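# this one's sequence-less:
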DNA sequence: TAGTGGTCTAGACCACGAG
DNA sequence: TCGTGGTCTAGACCACTAC
């Protein structure tokens, strides 16, 4: 028997009322003062429960208008995207990394457009592979802005993946992620041990540090990869 | 000029210290009491700022051990997955829906395994299309558990998409979502106006209501679709 | 303009978990 | 064991916004 009613209890109770159908989509929920009184807690406690339900997309809140159960439940899926090494090791598999190629070149047009780079900016272009228990797991096509990260020229990417190097080199940054499907070309097929034309799941990420483009990466997973989450 | 320092100010200031490199990955952050004193606010205010940073994966907190900047920044991407209709209308395009086929049948083995259904459970199998400005946008392969939702037998899915019907029929539910890549077979190619073998982005969702399986759906997007988010 | 959520305070007690 | 974060309280003022 809990001494106090916690905000978790309240959150669970409200969620139960919604899942049971007591409060249907679109319905109004009593205001914080009433809820606080009925649960016998301070308003701040109710506030936290309700605030979290709103963050999770279950309810909608507006000053003066009050709180309502969302009409069309917005599905807010959250994905944790760890370093590949972590992802593989967390599955209990052995991680291996290999550098395929490395070259300094002027940024191609598509990259300049994507990262908003000046003409004539040099970039470091790396191609790498990540293996799980010896099998190809992920193909990495990495582009690093040398105007911002000149140190990358000297870094040794034959032993350490660019991702891990970047984490140490750039403290924190803004990013844009997108998921899509791609077709395996001959090169991808070779690297990922699949057939040309196979559908592959890919993740692209552009990263900025204080409004300056740091890096763009395209990560292509082996065939059949799924990114899953519960909520 | 704000009268008080808000938890947002504090959050931004701490984030700035991290992005600027003052506090590097792995570094310890002063405890809440010290921060409250240095910002001249109550501990609860600092607590909220820190709690949100922890939720976003920027820092790690442990009782007694204190707060630290995360070693390997966990990328926590959040995607809002609205109803297709919303998705299309929000892009300023005209939405159109079409029912392709509808049939009641015993749940196939793969579905029974996925949703943990009893043998001999009947399911409603629907195939539908969603169009944006007249072009194929999304293919929907929907399976509904009739043991739980017998009303679905009588519903008219020729005018309303099953998603919208379900939202009204089942108040709220737990779900598992996964993203992956698939290859267009002849049927998909016809429906999505693409070529067989084209790589397609697909979303699968299994839904439960009070531990009972409600529905499984496979949503296949037109070629080139991307799911994007910033953080 | 009045009602509702948003936020801050100052203080308190508690639970986890590192040392 | 005891420092640190986790949470609650009772009260207050404020900012939005529907009416």
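All right, it came through fine. Bear in mind that the values here come from a model prediction, so they are computed numbers and not experimental data. Numbers count the residues shown, from 1 in each chain, chains lettered A, B, ... in the order given.
# wait, what's in contact with residue A:159?
Residues near residue A:159 by C-beta atoms under 8 Å, 6 or more residues apart in numbering or on different chains: residue A:97. Every C-beta, even on glycine, is put in place using the N, C-alpha and C of the backbone.
# tell me the pLDDT at it?
The model reports residue A:159 with a pLDDT of 91.
# In three-state terms, how would it be classified?
Secondary structure state of residue A:159, per DSSP: H, G, I helix; E, B strand; the rest coil, is coil.
# can the helix or strand where residue A:48 lies be found next to chain B?
In the assignment (DSSP states H and E), residue A:48 maps to helix A:43-55. No: applying C-beta under 8 Å from any C-beta of the partner chain, one finds helix A:43-55 separated from chain B by no less than 8.8 Å.
# what's the angle between that helix and helix B:43-55?
For helix A:43-55 against helix B:43-55, the angle by axes from the mean of the first three to the mean of the last three C-alpha atoms, to 10 degrees is 20 degrees.
# Show me what helix A:43-55 is packed up against.
For helix A:43-55, the packing partners by 3 or more C-beta pairs under 8 Å, 6 or more residues apart in numbering or on different chains; DSSP states H and E come out as helix A:7-20, helix A:32-39, strand A:59-62.
# I'd like those as JSON lines, with mean neighbour count and mean pLDDT appended.
Below are the helices and strands packed on helix A:43-55 laid out as JSON lines (neighbours: other C-beta atoms under 10 Å in any protein chain shown; pLDDT from 0 to 100):
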{"stretch": "helix A:7-20", "mean neighbour count": "17", "mean pLDDT": "93"}
{"stretch": "helix A:32-39", "mean neighbour count": "15", "mean pLDDT": "96"}
{"stretch": "strand A:59-62", "mean neighbour count": "16", "mean pLDDT": "95"}
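# remind me which residues of chain A are low pLDDT?
By pLDDT under 70, the weakly predicted segments of chain A are A:1-3, A:73-74.
# show me where it has strands.
A:28-29, A:59-62, A:66-69, A:75-81, A:95-106, A:122-132, A:135-145, A:174-183, A:199-209, A:212-221, A:227-230 (DSSP state E).
# picking up where we left off before, what are the buried residues along the helix holding residue A:48?
Judged by neighbour count (16 or more other C-beta atoms under 10 Å in any protein chain shown), helix A:43-55 contains these buried residues: A:45, A:46, A:47, A:48, A:49, A:50, A:52, A:53.
# Return the closest of the residues you listed with respect to residue B:69.
residue A:52 (24.5 Å; C-beta to C-beta).
# what about residue A:200, how many neighbours?
Number of residues near residue A:200 (other C-beta atoms under 10 Å in any protein chain shown) recorded here: 25.
# Quick check: bridge partners of it?
Taking DSSP bridges as the rule, residue A:200 bridges to residue A:182.
# tell me the contacts of it?
Contacts of residue A:200 by C-beta under 8 Å, 6+ apart are A:181-184, A:188, A:192, A:194, A:220-223, A:225, B:181, B:199.
# Repeat the analysis, applying 10 Å as the threshold.
By C-beta atoms under 10 Å, 6 or more residues apart in numbering or on different chains, residue A:200 lies in contact with A:139, A:180-185, A:188-189, A:192, A:194, A:220-225, B:180-181, B:183, B:199.
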